[in-house]
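> just coords:
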Ligand SMILES: C[C@](O)(CO)[C@H](O)COP(=O)(O)OP(=O)(O)OC[C@H]1O[C@@H](n2ccc(N)nc2=O)[C@H](O)[C@@H]1O
Ligand SMILES: Nc1ncnc2c1ncn2[C@@H]1O[C@H](COP(=O)(O)OP(=O)(O)OP(=O)(O)O)[C@@H](O)[C@H]1O
């Protein structure tokens, strides 16, 4: 494979965003146990910072967050190994991760780190792989990784790999309420009873095709809430608290347990943060949807 490398000492600094699922319908279960989805995913302004330094040989990783492995099981390490193998180079990389995205929280932190490494290495080597090839590598690491490679609001189908960019999404401000511990995504899917999910499937195709403003508030729904709320009933109470403090919509993200509240202005979001911070044991983060504004 032909590729163009840069000087080895160059330091590559990247921000890897979290995501939320504005709706998440589970439409079926595949024979291999994975689930078919119809989900609107959006990056948000809560970031891990990664610093990459390409080196002569070997992969190394530093991350001081407890609960995040610093070895070859880290998704960022696996992404680098996968990329360098495919490139057939013996060069390696040192990765350092400053973790801000809560872990196992339904915010896709590990997947975002992996996608950030794939995108950054591809740029570093002069784009030897197409975005389709990068997404294929990403999918071998996790179902959410292709979305983060795309890096834009999108409808995800299949297990998450079939992506349609969603243009007409309004900018909302967010409070993210993260629980002190995480849940296993695999356990949540395993305990999902498809007969108990009753989300009305959003009909987004018209808005998508016409690039129209998209009233997401009519469609907020997450089939995985049925599982995670059984284990953490506080999720429901947190959604109610957000709504009582000016949120125009509140939902659990992904497999949870993080809950987000949508606000129309930064001011309303900030006053809700202020009032809720005295009364909740959840850690609150102020953020906003990462959408491309028109004009
Ligand atoms: C909950 C979401 O974050 C919503 O965006 C994703 O569906 C999960 O994506 P992810 O964490 O990247 O998922 P993976 O790391 O590929 O898979 C973790 C586990 O979740 C289950 N899984 C995941 C994705 C999917 N569409 N169906 C599944 O059943 C599988 O049991 C898998 O073993
Ligand atoms: N770079 C990484 N960042 C976060 N977690 C990682 C990373 N590498 C490996 N992991 C492991 O992956 C597991 C899931 O972490 P992650 O934060 O990605 O979950 P999540 O946000 O619930 O993901 P999703 O929403 O995609 O299901 C954790 O148990 C963690 O130890």
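Happy to help now that I have it. Being a predicted model, the structure only gives us computed values, none of them experimental. Ligands and ions are numbered 1, 2, ... in the order given.

> what about residue 79, is that helix, strand or coil?
State at residue 79, reduced to three classes by DSSP: H, G, I helix; E, B strand; the rest coil: helix.

> try the one 5 residues further on
With three-state DSSP as the basis, residue 84 sits in helix.

> I'd say it and residue 95 touch.
No. With contact defined as Cβ atoms under 8 Å, residue 84 does not count as touching residue 95 (11.8 Å). Using the backbone N, CA and C atoms, a C-beta is placed for each residue, glycine as well.

> Those two - which one has more neighbours?
Shown here are residue 84 and residue 95; by other Cβ atoms under 10 Å, residue 95 has more neighbours (25 against 19).

> ok, for that one, nearest residue in space, not its chain neighbours?
Nearest residue to residue 95 in three dimensions, chain neighbours excluded: residue 61, at 4.7 Å (Cβ to Cβ, 6 or more residues apart in numbering).

> contact partners of the strand or helix carrying the one you found?
For residue 61, the enclosing helix or strand under DSSP states H and E is strand 59-63. Defining contact as Cβ atoms under 8 Å, 6 or more residues apart in numbering, one finds that strand 59-63 is touched by 70-72, 74, 76-77, 80-81, 84, 92-99.

> Name the residues of stretch 20-33 that come out as buried.
Judged by neighbour count (16 or more other Cβ atoms under 10 Å), stretch 20-33 contains these buried residues: 20, 21, 22, 23, 24, 25, 26.

> what's the most distant pair in the residues you listed?
Farthest-apart pair in these is 20 and 26; separation 16.7 Å (Cβ to Cβ).

> strands paired with the strand holding residue 61, and their directions?
Using DSSP bridges, strand 59-63 pairs in its sheet with strand 92-98 (parallel).

> ok, how many other residues are close to the residue nearest to residue 238 when sequence neighbours are not counted?
Nearest non-adjacent residue to residue 238, counting by Cβ to Cβ, 6+ apart: residue 259, 4.7 Å away. Using other Cβ under 10 Å, residue 259 has 30 other residues around it.

> what are the ranges of the strands in this protein?
Along the chain, counting by DSSP state E, strands occupy 11-29, 35-55, 59-63, 92-98, 154-158, 162-165, 173-178, 221-222, 249-252, 259-263, 283-288.

> mind checking the longest helix of the chain?
helix 109-124 (DSSP state H).

> could you say what helices and strands that one packs with?
strand 11-29, strand 35-55, helix 75-87, strand 92-98, helix 131-139, helix 145-150 (3 or more Cβ pairs under 8 Å, 6 or more residues apart in numbering; DSSP states H and E).

> and among those, the most buried is which?
For these, the largest average neighbour count (mean count of other Cβ atoms under 10 Å) is found in helix 145-150, namely a mean of 26.

> any idea how far that one is from the chain center?
Here the centre of helix 145-150 is set off from its chain's centre by 9 Å, with Cα atoms, centre = their mean, to the nearest Å.

> separation between the nearest residue to residue 82 once chain neighbours are set aside and ligand 2?
With Cβ to Cβ, 6+ apart as the criterion, residue 82 has its nearest non-adjacent residue at 5.1 Å, and that residue is residue 137. Computed as Cβ to the nearest ligand atom, to the nearest Å, the residue 137 to ligand 2 distance reads 16 Å.
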